[in-house]
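Peer 1: I'll drop the sequence and a predicted model, then ask my questions.
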Amino acid sequence: MKKLIYLLLLPLVTLFVQDYSYADLWLGWRNDNATVSVFFTQSVTNSSTYTSIFNSAIANWNNISSKVSLTKVSSSTSVGTFVYVSTTATPWLLWMMFAYKTNSAGQVIQDSTAVDLKWPRTDVYIYSNTMDSASMTTSQKIANATHELGHTLKLAHPGLWTMRCSAIPSWQTSIMSQGIQSTWPQTYDKNDIKYKWGL
């Protein structure tokens, strides 16, 4: 009898484990509910190369979910995500996303502890000097700008539980995996987006 119950439950357990690709989402939402206006700062628009890189990265996230859209805007008023090209003295730092929160006084402030809160704004930085030192190709720069924009949509790096679960090998191809890569949002990432924001 115990064996029969186990055999009946096994497919349900397996289904749950295989579908559990959501260990790598941050909690909370965005003020714009993932209809994100993206403003290219002068550091981006001064370079046709980086303008093209960010345009491609934005396009990589569109048409996955009807609830999610990233749109480049020309005004910096009421922007959900600002993008920057900068340099850094930290030799291993290639890119970074910064989240903001609204404090008790109603001020929008950058806060490293805000990952699971509702975000009024995010900033994406890619660091040209360290990417060039790493001899990254344009394709790799697009992939990693895409990765950082994925963070603005509340996607985290695949978690340890996800990575250790043999039933979910697909995390290995995720655009949200850490490190230099040359790819775009995969089925794994698309499932996470739809789970977080809706179809």
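Peer 2: Arrived safely. None of these values were measured; they are calculated from a predicted model. Residues are numbered from 1 along each chain as shown.
Peer 1: Buried residues of stretch 27-44, list them for me.
Peer 2: 30, 32, 34, 36, 37, 38, 39, 40, 41, 43, 44 (16 or more other CB atoms under 10 Å). C-betas here are computed from N, CA, C, even on glycine.
Peer 1: Could you pull up the residues touching the third one?
Peer 2: Put plainly, it is residue 34. 65, 67, 68, 69, 153, 196, 197 (CB atoms under 8 Å, 6 or more residues apart in numbering).
Peer 1: ok, longest strand in the chain?
Peer 2: strand 95-102 (DSSP state E).
Peer 1: average pLDDT for it?
Peer 2: Strand 95-102 shows a mean pLDDT of 97.
Peer 1: still on that earlier bit, and the contacts of residue 34, which are buried?
Peer 2: Applying 16+ other CB under 10 Å to the contacts of residue 34 flags 65, 68, 69, 153, 196, 197 as buried.
Peer 1: ok, now how distant is the fifth one from residue 37?
Peer 2: Distance, residue 196 to residue 37, by CB to CB, to the nearest Å: 19 Å.
Peer 1: ok, of the buried ones among the contacts of residue 34, which one's closest to residue 142?
Peer 2: If you rank the buried ones among the contacts of residue 34 by distance to residue 142 using CB to CB, residue 153 comes first, at 16.5 Å.
Peer 1: Which residues are in contact with the closest one?
Peer 2: Counting by CB under 8 Å, 6+ apart, residue 153 touches 30, 34, 36, 61, 68, 193, 196, 197.
Peer 1: Return the subset of those lying in strands.
Peer 2: Per DSSP E, these map to strands at residue 36.
Peer 1: thinking again about what came up before, out of the contacts of residue 34, list just those in helices.
Peer 2: Under the assignment DSSP state H, the contacts of residue 34 contribute 196, 197 to helices.
Peer 1: which residues of this protein fall in helices?
Peer 2: So, for the chain - with DSSP H - the helices run 2-19, 42-45, 48-61, 128-133, 138-152, 160-164, 187-197.
Peer 1: Quick check: the residue lying closest to residue 123 once chain neighbours are set aside vs residue 176, distance?
Peer 2: Excluding its sequence neighbours, the residue lying closest to residue 123 (CB to CB, 6 or more residues apart in numbering) is residue 98, at 4.4 Å. According to CB to CB, residue 98 and residue 176 sit 17 Å apart.
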